[in-house]
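**Q** Model the following, please.
(2 chains)
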Amino acid sequence: MKTNNNKAGKIILEVVLVILSLLFLYPLFLTIINSLKSFSEVMTDVIALPKHLTFSNYSYVWKFINYPRLFLNNFVITGVGLLGIVFISSIAAYKLARTKSRWSGVLYFLCIMPMLIPFQSIMLTVLQTAKNLNLSESTWGLGLLYWGFGAPLAVFIYHGFVKGIPTEIDESATIDGASGFRLFFSVIFPLLKSVTTTIVIIDVMWIWNDFLLPLLMVNGSPDTKTLTLAAYTFVGQYTSDWQYAMTAMVMAVLPSIVVFIFLQKYIVKGVVAGAVKG
Amino acid sequence: MLKTLGRRWREKFEFGIFTLPVLICIAVAFYIPFAMTIRYSMTKWNGISKHPKFVGLDNFKQIFSGDTNFSDAAWFTIKYAILYIVIVNVLAILLAVLLDMKLKSTSWLRAAFFIPYILSLVIVGFIWKFIFMQGFNSLGESTGWAIFDLSWLGTPGLAFISILGVSIWQSIGFYLVIYIAGLQSVPEDLKEAATVDGAGPMRRFFSITLPLLAPSITISVFMALTNSIKVFDVILSLTGGGPGGTTYSIAYDIYRDTFQNNLYGYGTAKALILFLAVLVVTIIQLTVFKRREVEA
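**A** Alright, predicted model coming up:
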């Protein structure tokens, strides 16, 4: 009797939660259907389904913002950023965790302290530093800048993980004749795979979607814009053409959603691991 | 003797090779700009003239002695941060408890609530602007509910609630995931023992689950705190600070002073105050919450 009650309760709870989640995603559904309507249809009825699917919005926005170019920009910035963050943070965190000296403690603190500095506190001077180093106005330069911004969290997470790897592994590899980079890349780095996945996931979501840094750095030139930035300026120029605005939104977020659907399991795990360690 | 000396030098050399790249990058991204921020905060500078004029602590005096933009923005940020931290954490814990029960659609539901978190906040702001401005019209017509006829972005109080609601909508999935992970580490036998001792579901939740969830709460509150103090993107695209400048946050106020009003020195002085506030508040939060954690 009791289990029957429990079962019925669970089904009701489940139905309620499913309805709740659909309501939760309703704004995204509205965005998609309105990107498939003509201007007059958007103006007369937002919640109705499109009478006939209009894909012309997509071809218009595709050409207008030069979508392939923007996609490539995002790809270069995120790729350059990620490779650098993973490389410089993993080698540094490894050395800092393995060296027992006052210096390594001080340097570790200097590496992770910036996590407490809000970006808005330094945005003007970051822009100037980047200009002085010729890093602004280029996708490669922007990618390079992310190395420093992503490093504190990455060093922190790698450092915590390396401490859990027994030093005997280093010692036996050294006896076998490996040292320096050889030891790190053929023995240690493969052991860090799960942390690297976590860091890659957290940083892809952040760099791909970042807004303020690209706004300050590459806003001026259309060749270096990112997807989010283009959507932002596009909507700013066409505030009343909501059908184009919604299309630009869909096109800007589509890559993230596709990646999320394929890597869902790893993304959720990665976020948990990163947050719990961070 | 010579051999050990050689080895020590080689170790030092290797230490340098491994750690120098990260130190240079962090210095370029944080320490050099931070030092420049401290210097600029004591100058009057419009960004054009070659030499910023040194004015000592004048900027700070001016900010504290009657900059209503700053005090309004500070007040907005404090209200927003407190409400955001409380609401997002309470809702996420409730939802996590429901989703921790073994339902058939659990993994689908978790993904559904997480999806807005993978979108950029600027885009989230625009999507909701569209819904508040256009979508609510249609919804009002078809349902007849008065709630859809309110001007959600045009009235100061409501615009505040809109920003808060949209931020919570975007990020709740993130906190949800952290709490679900936390709940899974609460040992089953403790709950069972409590049931045997006659504790009801409410009592079990408040006396066992919640205290053991403390580490997750510490992390989530820390994240919610640092993120809410820096709120910027969503306001920029949702209200643009309006109506009547009532929804400027501190971060937005700094952005406006530096990049729109060209008050470079004055803006960086505000930026420095923001940094100190974040530092003090997060240190207090972490020490207070860490002390309350218990071991399972």
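**Q** all helices of the stretch 101-250 of chain A, in order?
**A** For the stretch 101-250 of chain A, the helices defined by DSSP state H, counting those that start in this stretch occupy A:102-112, A:119-132, A:139-162, A:168-175, A:181-183, A:189-191, A:193-209, A:212-218, A:227-237, A:242-277.
**Q** from the middle of its chain, how far away would the third one be?
**A** Taking the mean C-alpha point of helix A:139-162 and that of its whole chain, the gap between them comes to 13 Å (Cα atoms, centre = their mean, to the nearest Å).
**Q** Now do the buried residues in that helix.
**A** A:139, A:141-159, A:161-162 (16 or more other Cβ atoms under 10 Å in any protein chain shown). C-beta here means a position set from N, CA and C on the backbone, and glycine is covered the same way.
**Q** how far away is the closest residue to A:Trp206 other than its chain neighbours from A:Leu133?
**A** Once flanking residues are discounted, A:Trp206 sits nearest to A:Gly150: 7.6 Å by Cβ to Cβ, 6 or more residues apart in numbering or on different chains. A:Gly150 is 17 Å from A:Leu133, where distance means Cβ to Cβ, to the nearest Å.
**Q** isn't the residue nearest to A:Trp206 right up against A:Leu83?
**A** No. At 10.9 Å, A:Gly150 and A:Leu83 do not qualify as touching, with contact defined as Cβ atoms under 8 Å.
**Q** what about chain A, any weak spots by pLDDT?
**A** Along chain A, the parts satisfying pLDDT under 70 run over A:1-5, A:220, A:238-239, A:276-278.
**Q** mind running it again at 80?
**A** For chain A, applying pLDDT under 80 flags the ranges A:1-6, A:177-179, A:219-223, A:236-240, A:272-278.
**Q** How about the residue in the stretch 151-278 of chain A that chain B sits nearest to: what's its closest non-neighbour residue?
**A** The minimum distance from the stretch 151-278 of chain A to chain B, using Cβ to the nearest Cβ, falls at A:Asn209 (3.6 Å). Nearest residue to A:Asn209, sequence neighbours excluded (Cβ to Cβ, 6+ apart): B:Ser120, at 3.6 Å.
**Q** and what of B:Asp100?
**A** Spatially, and ignoring its direct neighbours in sequence, B:Asp100 is nearest to B:Leu183 (4.5 Å; Cβ to Cβ, 6+ apart).
**Q** Check B:Ala111 too.
**A** Spatial nearest neighbour of B:Ala111, chain neighbours left out: A:Gln264 (5.5 Å); criterion: Cβ to Cβ, 6+ apart.
**Q** One more: B:Ile38?
**A** Of all residues not flanking B:Ile38 in the chain, B:Leu272 sits nearest, at 6.6 Å (Cβ to Cβ, 6+ apart).
**Q** now B:Met133
**A** Spatially, and ignoring its direct neighbours in sequence, B:Met133 is nearest to B:Leu153 (6.9 Å; Cβ to Cβ, 6+ apart).
**Q** Tell me the pLDDT of the one you found.
**A** Looking at B:Leu153, its pLDDT reads 92.
**Q** Pull the contacting residues for the residue of chain A at minimum distance from chain B.
**A** The nearest approach of chain A to chain B comes at A:Gly148, 2.6 Å away (Cβ to the nearest Cβ). For A:Gly148, the contact set (Cβ atoms under 8 Å, 6 or more residues apart in numbering or on different chains) comprises B:25-30.
**Q** How about the contacts made by B:Lys104?
**A** A:Glu14.
**Q** three-state assignment of B:Lys102?
**A** coil (DSSP: H, G, I helix; E, B strand; the rest coil).
**Q** Could I get the contacting residues of B:Ser142?
**A** Counted by Cβ under 8 Å, 6+ apart, B:Ser142 has contacts A:Ile47.
**Q** State the helix or strand in which it lies.
**A** helix B:136-143 (DSSP states H and E).
**Q** Now do the helix or strand that that helix is followed by: distance to the chain's middle.
**A** Using DSSP H and E, the helix or strand that follows helix B:136-143 in sequence is helix B:156-184. Centre-to-centre, helix B:156-184 and its host chain are 10 Å apart (Cα atoms, centre = their mean).
**Q** Name all residues that make contact with B:Phe232.
**A** Contact analysis of B:Phe232 by Cβ under 8 Å, 6+ apart lists A:120, A:212, B:249, B:251-252, B:255.
**Q** Read off the pLDDT value for it.
**A** The model reports B:Phe232 with a pLDDT of 94.
**Q** Enumerate every residue touching the residue nearest to A:Trp206.
**A** A:81, A:85, A:89, A:203, A:206-207.
**Q** and the residue in the stretch 101-250 of chain B that chain A sits nearest to, what does it touch?
**A** Proximity of the stretch 101-250 of chain B to chain A (Cβ to the nearest Cβ) peaks at B:Ser120, 3.6 Å away. Applying Cβ under 8 Å, 6+ apart to B:Ser120 gives the contacts A:209-211, A:228, A:252-253, B:233.
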